[in-house]
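> The sequence and its predicted three-dimensional model are supplied below.
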Amino acid sequence: MPSIIDAKSLVKFYRGKAEPALDNFNLSVNEGRIFTLLGRNGAGKTTFLRIASTQLLPTSGSVSVFGMDVIAEARKIRRRVAITPQEGKPLWTLNAYDHVVLALMMRGESHSTAAEKARRVLRTVELSEVAGVHSEDLSGGLRQRILIAMTIACDVELMFLDEPTIGLDPVGRRKVWDELIRLKKDEGKTIVLTTHYMDEAESLSDDLAIVDKGKLLTQGSPVDVRAKYSGSKIRVDVVSGFSAEELVAYGKVVKVGNVARVFLDEAAGRELSSEALRRKATISIVPVTLDDVFVELVGSNADEEGEAREGQTGRERMNR
Amino acid sequence: MSESLSTKAWRNLRTIGALCYYLGIVPMIRIPTLLPFVFATPFTILFILFVNGQSTAFSYGLSGAITMTVAQQGLFLGADLTSYKIEHKFQSVVVASPVSPFTYMFSVAASELAFAVPPLAILLVILAYRSPEVGALTILGIVVVAVLTWMTTSSIGFFLSTYVLNTRTAFLTVTFISIILSVLPPVFYPMQLLPPQVRWLSELVPTTHASVLIQGLSGLPVSYTQTIVSWAALPAFTVAFLALALLKAKWREN
């Protein structure tokens, strides 16, 4: 499958900052896939998205999109991409319909074509009923859907969505996921998005990359990434009945709130569950999730950077 | 396959039309209460000159109000663009699209001008009512001056918007520059009232020339030499600030 985005040795320093936002960053995104960038705030996800979508200049290194350089051939790239910016706000005097028509006419569509497309896309993202309401009178979730509708309506080959489902309710999020999956399957679109939601990355992505402190930590399908980094096959969440010292004998223990997460293999899992049954302890057995891999990877990266505090789990560090 | 020139021109016209309509005309129609904000300052100064009772001062005031209305709207482009860029992230959507910086600047500037049309129409009607000798040619001349002023101040506004880092600073900067351009120099009063040693300073301000030209066109006494200087200076300022906006403004951030 040909790659649609190729970043090589990409470095980005923002003015006045000593640390790079992207540091020798290499990444490729294949055509016709949904690709997710995962990372903490300030990890470099948005910086990469903005460079690849020709909004921001890199300090060094190269990025090609459709085989074209983002600096030298930005104008050609811009015809074939559209973006949903992070924390964008619709214009307060316009309604959802106006926004989509404006996004299309701005790209040279006639008013009649734009109007027809706008009605169709607004139906798809379930904004038809509020299409005529000023955006200032809509909820945050509905406003976010306007921005997504503007991007989808442009009907481009490559879409960049920066935290597109932030502020959406669970039903709204799933509607957006369904539409993105449909765009990929039925229309062959390539979608690059950033998110903090692990379930979103897991449900939506064909491929993902975990980024931290401007560095690419890993890249692959959610299944591959899970398999690569979870040495353990299962996770047992222990709520009560065991002390931390006892659990260490079964596997690696990570404390998350009142729950001790034990990462272990199947044999140790069987042993621990039998003991839990005997003690009438409260436990649940779940597969290792992307969330666990993320905490493991990003947590260990923070350790390497000397930021970890003794006795804290990766999750605790994330929540600081 | 490359796009033909006519297709490209037609596409750009649609872009300009859409941006101007949705960012200027639609808000003006839907929220007409925004209009008094455009009228407020120039008409307040004009009102003071009116109640002062001096007919000549009021005539200069009319030239000043026309100049200020247009200049203010051009500068407001800077504040609005900053808001579109920082608060709404609308400019990000535009940058990552085929719309060029010039088309965007021109379209949003035109949308600002739409707000200036009603007060300008009122001012021109007052001018025509007070000076029966003002004919179509004079109105045309004033429109040309207004367009040059709008282009100049819009370029300043666009340039500022690409550097200003927050909306609050943008609005304060624009208000400050608006006063510098419209109140201090001889925009609402004749240049002769300035002491000779500072008169040259006012020549460095584009709105001085705009107002001087409107004063001359509306029958107020302006020397022939000053008229020539102003007809040369105003387009020169327009070209210079337009070049500054297009060459030095940051479109893609670095």
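All right, it came through fine.

> State the distance from residue A:263 to residue A:276.
16 Å (C-beta to C-beta, to the nearest Å). Bear in mind the C-beta positions are built from the backbone N, C-alpha and C, glycine included.

> Do a quick rundown of the helices in chain B.
B:5-20, B:26-30, B:35-52, B:55-82, B:90-95, B:101-130, B:136-161, B:167-182, B:196-202, B:206-217, B:224-248 (DSSP state H).

> Of all the ones you listed, which one is nearest residue A:22?
Residue A:22 lies closest to helix B:90-95 among the helices of chain B, at 18.0 Å (C-beta to C-beta).

> check whether the closest one contacts chain A.
Yes. Contact of helix B:90-95 with chain A (C-beta under 8 Å from any C-beta of the partner chain) involves B:90, B:92, B:93, B:94, B:95.

> Does that helix pack against any helices or strands, and if so which?
In terms of contacts (3 or more C-beta pairs under 8 Å, 6 or more residues apart in numbering or on different chains; DSSP states H and E), helix B:90-95 is packed against strand A:81-84.

> In terms of pLDDT, where does the closest residue to residue B:230 other than its chain neighbours sit?
Of all residues not flanking residue B:230 in the chain, residue B:209 sits nearest, at 3.9 Å (C-beta to C-beta, 6 or more residues apart in numbering or on different chains). On pLDDT, residue B:209 comes in at 96.

> How many neighbouring residues does residue B:209 have?
When counting by other C-beta atoms under 10 Å in any protein chain shown, one arrives at 30 neighbours for residue B:209.

> ok, now which ones touch it?
For residue B:209, the contact set (C-beta atoms under 8 Å, 6 or more residues apart in numbering or on different chains) comprises B:203, B:229, B:230, B:233, B:234, B:237.

> and those residues as CSV, adding pLDDT?
Below are the contacts of residue B:209 laid out as CSV (pLDDT from 0 to 100):
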residue, pLDDT
B:203, 92
B:229, 95
B:230, 96
B:233, 96
B:234, 96
B:237, 96
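
> Just the buried subset of the residues you listed, please.
Applying 16 or more other C-beta atoms under 10 Å in any protein chain shown to those, the neighbour count classes B:203, B:230, B:233, B:234, B:237 as buried.

> mind checking how far the second one is from residue B:147?
Remark: distance between residue B:230 and residue B:147 (C-beta to C-beta) = 15 Å.

> now swap in residue B:210 and tell me
In this view, residue B:210 and residue B:147 are 10 Å apart by C-beta to C-beta.

> For stretch A:204-218, measure first residue to last.
For stretch A:204-218, the separation between the terminal residues is 18 Å (C-alpha to C-alpha, to the nearest Å).

> Now do residue 116, the pLDDT please.
Answering for chain A, as no chain was given. 96.

> Wait, chain B was what I had in mind.
Looking at residue B:116, its pLDDT reads 90.

> How about residue A:310?
We have a pLDDT of 36 for residue A:310.

> The one 10 residues further on too?
Reading off the confidence values, residue A:320 has pLDDT 31.

> And residue A:317, by the same measure?
34.

> Provide the count of other residues in contact range of residue 56.
Using chain A here. As a measure of burial, residue A:56 has 21 neighbours, counting by other C-beta under 10 Å.

> wrong one, I was asking about chain B
By other C-beta under 10 Å, the residues close to residue B:56 number 12.

> What residue, apart from its backbone neighbours, is nearest it spatially?
Nearest to residue B:56 is residue B:220, by C-beta to C-beta, 6+ apart, at 7.8 Å.

> For chain A, see how far away that neighbour is.
Distance of residue B:220 to chain A, computed by C-beta to the nearest C-beta, to the nearest Å: 39 Å.

> got the contact list for the residue positioned nearest the centre of chain A?
With distances taken as C-alpha atoms, centre = their mean, the residue of chain A nearest its centroid is residue A:195 (2.7 Å). Residues counted as contacts of residue A:195 (C-beta under 8 Å, 6+ apart) are A:36, A:37, A:38, A:163, A:164, A:165, A:201.

> Go ahead and name everything in contact with stretch B:168-175.
In contact with stretch B:168-175 (C-beta under 8 Å, 6+ apart) are residues B:75, B:76, B:78, B:79, B:82, B:83, B:157, B:160, B:161, B:164.

> Angles on the backbone of residue A:234, please.
Dihedral pair for residue A:234: phi -130, psi 170, per degrees, to the nearest 10.

> Do a quick rundown of the helices in the stretch 151-300 of chain A.
Assigned by DSSP state H, counting those that start in this stretch, the stretch 151-300 of chain A shows helices spanning A:170-187, A:198-204, A:222-229, A:244-248, A:266-279, A:290-304.

> These into TSV, with extra columns for mean pLDDT?
Listed next are the helices of the stretch 151-300 of chain A as TSV, based on pLDDT from 0 to 100:
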stretch	mean pLDDT
helix A:170-187	90
helix A:198-204	88
helix A:222-229	81
helix A:244-248	88
helix A:266-279	90
helix A:290-304	70
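
> Can you say which of these is nearest to chain B?
Ranking these by their distance to chain B (criterion: C-beta to the nearest C-beta) puts helix A:170-187 first, at 17.5 Å.

> Give me the distance between the closest one and the centre of its chain.
Remark: helix A:170-187 is offset 14 Å from the chain centroid, using C-alpha atoms, centre = their mean, to the nearest Å.

> elements contacting it?
So helix A:170-187, by 3+ C-beta pairs under 8 Å, 6+ apart, packs with strand A:34-39, helix A:140-153, strand A:190-195, helix A:198-204.

> Now do the longest one against strand A:190-195: the angle between them, please.
Here helix A:140-153 runs at 160 degrees with respect to strand A:190-195, directions being taken by axes from the mean of the first three to the mean of the last three C-alpha atoms, to 10 degrees.

> Before we move on, what's the pLDDT of residue 25?
Using chain A. Reading off the model, residue A:25 has pLDDT 94.

> I was after chain B.
We have a pLDDT of 93 for residue B:25.

> Quick check: it touching residue B:115?
No. If you go by C-beta atoms under 8 Å, residue B:25 and residue B:115 don't touch, sitting 9.2 Å apart.

> ok, the two, which is more surrounded?
Between residue B:25 and residue B:115, residue B:115 has the larger neighbour count (other C-beta under 10 Å), namely 22 against 16.

> Provide a list of residue ranges in the chain with pLDDT below threshold.
In the absence of a named chain, chain A is used. Chain A contains residues with pLDDT under 70 at A:1, A:229-232, A:299-320.

> You answered for a different chain; I wanted chain B.
For chain B, applying pLDDT under 70 flags the ranges B:1-3.

> can you list the residues of it near chain A?
So far as C-beta under 8 Å from any C-beta goes, chain B lies against chain A at B:10-12, B:14-15, B:17-19, B:22-23, B:26-27, B:30-31, B:84, B:87-90, B:92-99, B:252-254.

> Out of those, which end up buried?
Buried members of these, counted by 16+ other C-beta under 10 Å: B:11-12, B:14-15, B:17-19, B:22-23, B:26-27, B:84, B:88-90, B:92-99, B:252-253.

> circling back: which one of the helices of chain B is the most hemmed in?
Stretch with highest mean neighbour count among the helices of chain B: helix B:206-217 (a mean of 28; mean count of other C-beta atoms under 10 Å in any protein chain shown).
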